[in-house]
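1. the following block contains a protein sequence and its predicted model.
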Amino acid sequence: MSTVAPDREMPSATVHEPSSLGVARARRRLTVEEVAEQAGLSPEAVEALEESRLYRFPSLQEAVAAAVLYSAALGISKREARSLAGLPVRDHPLASLPLARIGAPIAFAAAVALLVWFVIVPRLGDDGAGEPASDGGGAVLLPAPELTPSLPERSAIQVDVLNGSTRGRAATRVADRVAGLAYSIGEVDNAARSDYPETRVYFTPGSAGIAERLAEELGVATQELPGGDEPTRLIVIVGAEAPLD
């Protein structure tokens with residue numbers, strides 16, 4: 001690797017707090033391997049979902065699809081999904097009627113959507129996002145992607161994310177955010193130091209354009225590295241002032 005980057009050291013063992021999906025699995029006394037088999041996913045995919053490491057999936061769409069399969073395998077109800085998402089849970093007076101039981105598949109679909117939206121992809125890539133427009137006939141018009149002719153597509157740019165602070169899982173959270181912007185994620189690790197005061201996007205000579213674009217999207221500064229010849233590779237070092245929200 002020819003890029004000159006700040007020194008790195010091996011990360012220490014990290015103990016992850018149980019995620020909402022992990023809690024739901026534990027309630028059913030299932031192992032990662034068992035729920036992976038039921039959902040038709042790999043154990044690595046299940047672990048990535050439970051740790052909210054969405055950057056491990058090729059795309060955000062595949063991460064959401066995996067979350068739907070995971071939730072379906074667990075049979076998460078709408079009530080449990082609201083509880084896991086930290087939303088108020090109230091008993092409906094008609095819940096025991098036959099009509100309510102007929103609507104169970106619809107309620108389950110809503111529960112999965114609720115869990116995915118509030119637990120799997122919270123605030124992912126939502127900075128500056130507005131409401132989609134409508135054509136007046138009920139169809140939603142998605143905004144055209146913002147393309148800069150002189151810059152390569154975001155998916156062609158590899159972004160390494162290193163935690164240069166003492167904040168737990170900071171690199172993972174920023175990597176998820178960068179992945180949500182359609183960049184390719186490379187290494188996610190700890191930096192050699194944990195005293196970086198602010199988050200910056202580091203780039204090699206000649207790559208200022210793509211670095212400034214990512215820095216603007218994250219709301220951080222940029223800094224040029226003294227050498228290197230990888231024009232489509234960036235390094236984000238997360239500092240104490242990290243854009244985690």
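-> That came in fine, so what should we check first?
2. residue 42 and residue 153, how far apart?
-> Separation of residue 42 from residue 153 (Cβ to Cβ, to the nearest Å): 28 Å. Where C-beta positions appear, they are placed from N, C-alpha and C, glycine not excepted.
3. next, the buried residues of the longest helix along the chain.
-> Ranked by residue count under DSSP state H, the longest helix found in the chain is helix 60-74. Residues 60, 63-64, 66-74 are the ones in helix 60-74 that count as buried (16 or more other Cβ atoms under 10 Å).
4. how's this structure carved up into domains?
-> As assigned by automatic domain parsing, the chain contains the domains 20-120, 154-238.
5. as CSV, these with mean pLDDT would be great.
-> Below are those laid out as CSV (pLDDT from 0 to 100):
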stretch, mean pLDDT
domain 20-120, 71
domain 154-238, 93
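6. highest mean neighbour count out of those domains?
-> domain 154-238 (a mean of 19; mean count of other Cβ atoms under 10 Å).
7. endpoints of it, how far apart?
-> 20 Å (Cα to Cα, to the nearest Å).
8. closest to residue 178 among the buried residues of helix 60-74?
-> residue 60 (11.3 Å; Cβ to Cβ).
9. ranges for the strands of this protein?
-> All strands of the chain, identified by DSSP state E, fall at 133-134, 140-141, 158-163, 184-190, 200-203, 221-224, 233-238.
10. next, format those as a markdown table and append distance to residue 81.
-> A markdown table is the format used below for those (distance: least, Cβ to Cβ, whole Å):
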| stretch | distance to residue 81 |
| --- | --- |
| strand 133-134 | 28 |
| strand 140-141 | 24 |
| strand 158-163 | 30 |
| strand 184-190 | 28 |
| strand 200-203 | 36 |
| strand 221-224 | 39 |
| strand 233-238 | 31 |
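11. name the nearest residue to residue 165, sequence neighbours excluded.
-> Leaving aside its sequence neighbours, residue 165 sits nearest to residue 240 (Cβ to Cβ, 6 or more residues apart in numbering; 4.9 Å).
12. show the pLDDT at the one you found.
-> What the model reports for residue 240 is a pLDDT of 89.
13. surely it touches residue 163?
-> No - using Cβ atoms under 8 Å, residue 240 is not in contact with residue 163; the gap is 10.8 Å.
14. so who does residue 25 touch?
-> Applying Cβ atoms under 8 Å, 6 or more residues apart in numbering, we find residue 25 in contact with 32, 35, 50, 74.
15. ok, 6 Å please
-> residue 35 (Cβ atoms under 6 Å, 6 or more residues apart in numbering).
16. what's the answer for the one 5 residues further on, then?
-> By Cβ under 6 Å, 6+ apart, residue 30 lies in contact with nothing.
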